[in-house]
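Peer 1: What shape does this take:
(chains A and B)
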Amino acid sequence: QKEVEQNSGPLSVPEGAIASLNCTYSDRGSQSFFWYRQYSGKSPELIMSIYSNGDKEDGRFTAQLNKASQYVSLLIRDSQPSDSATYLCAGGGSGGSYIPTFGRGTSLIVHP
Amino acid sequence: DTAVSQTPKYLVTQMGNDKSIKCEQNLGHDTMYWYKQDSKKFLKIMFSYNNKELIINETVPNRFSPKSPDKAHLNLHINSLELGDSAVYFCASSPGQGSSNEQYFGPGTRLTVT
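Peer 2: Here you go, the predicted model:
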């Protein structure tokens, strides 16, 4: 069973701090990883994708991928209360065997 | 313009009934998906179609039957509804079927079976 695992949280950080969200995956064949943000009662919204080892930055968000350790993370700098949501990590196998697999999500609370 | 739309947004029905959920995307994507998100927020893929062809069919009761009349539409029909079917069902689309494809989700349909 191919799995993507996340700590369900909640992760609570003060406004302005760095929030660090982590994800591990079991399928070594996974090539691509995605972070989605889901506000309560809303649908998942893509915020970052990462395909190569290393860091990828987009505004206040940085995704990190370490394929050797099968580890993906998302850093949110200068966290704002509006960042409070559940963050879903997603990955999957490669090529024709790709089946999107989501983690259970980490709840992030940014308090003023 | 809504990229991925679903109807209805809410669906309340009794056990044993048959219901359908419709999904449409105007992004020009080739691949569409149905996901189920349970009360614990776990998002699990059910089906995927690429250009009207079924490519992913996860372990789902055969009471659930997807149908894709064209690549912009993917509908989900559920027969003999059960209490355990209560969940939020999300439709999504992506440009292609490979692992590099980002997915765009519809607003969800909250199904409640009583």
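
Peer 1: residues in chain A within reach of chain B, list them.
Peer 2: With Cβ under 8 Å from any Cβ of the partner chain as the criterion, chain A comes near chain B at residues A:30-32, A:34, A:36, A:38, A:42-46, A:49, A:51, A:86, A:88, A:90, A:92-95, A:98-102, A:104-105. For glycine as for every other residue, the C-beta is placed from the backbone atoms N, C-alpha and C.

Peer 1: So which of these sit within strands?
Peer 2: Here DSSP state E is the test, and those give A:34, A:36, A:38, A:45-46, A:49, A:86, A:88, A:90, A:101-102 as lying in strands.

Peer 1: Quick check on these: which are buried?
Peer 2: A:34, A:36, A:38, A:46, A:49, A:86, A:88, A:90, A:101-102 (16 or more other Cβ atoms under 10 Å in any protein chain shown).

Peer 1: okay, who's weakest in the residues you listed by pLDDT?
Peer 2: Among those, residue A:101 has the lowest pLDDT, at 88.

Peer 1: Residue A:92 reaches residue A:27, doesn't it?
Peer 2: Yes - shown here, residue A:92 and residue A:27 form a contact pair, counting by Cβ atoms under 8 Å, at 7.4 Å.

Peer 1: Could you check which of these two is surrounded by more residues?
Peer 2: residue A:92 (24 against 18; other Cβ atoms under 10 Å in any protein chain shown).

Peer 1: Find me the pLDDT at that one, would you?
Peer 2: Looking at residue A:92, its pLDDT stands at 70.

Peer 1: can you check residue B:104 too?
Peer 2: For residue B:104, pLDDT reads 94.

Peer 1: what pairs with it across the strands?
Peer 2: Beta bridges link residue B:104 to residue B:93, judged by DSSP bridges.
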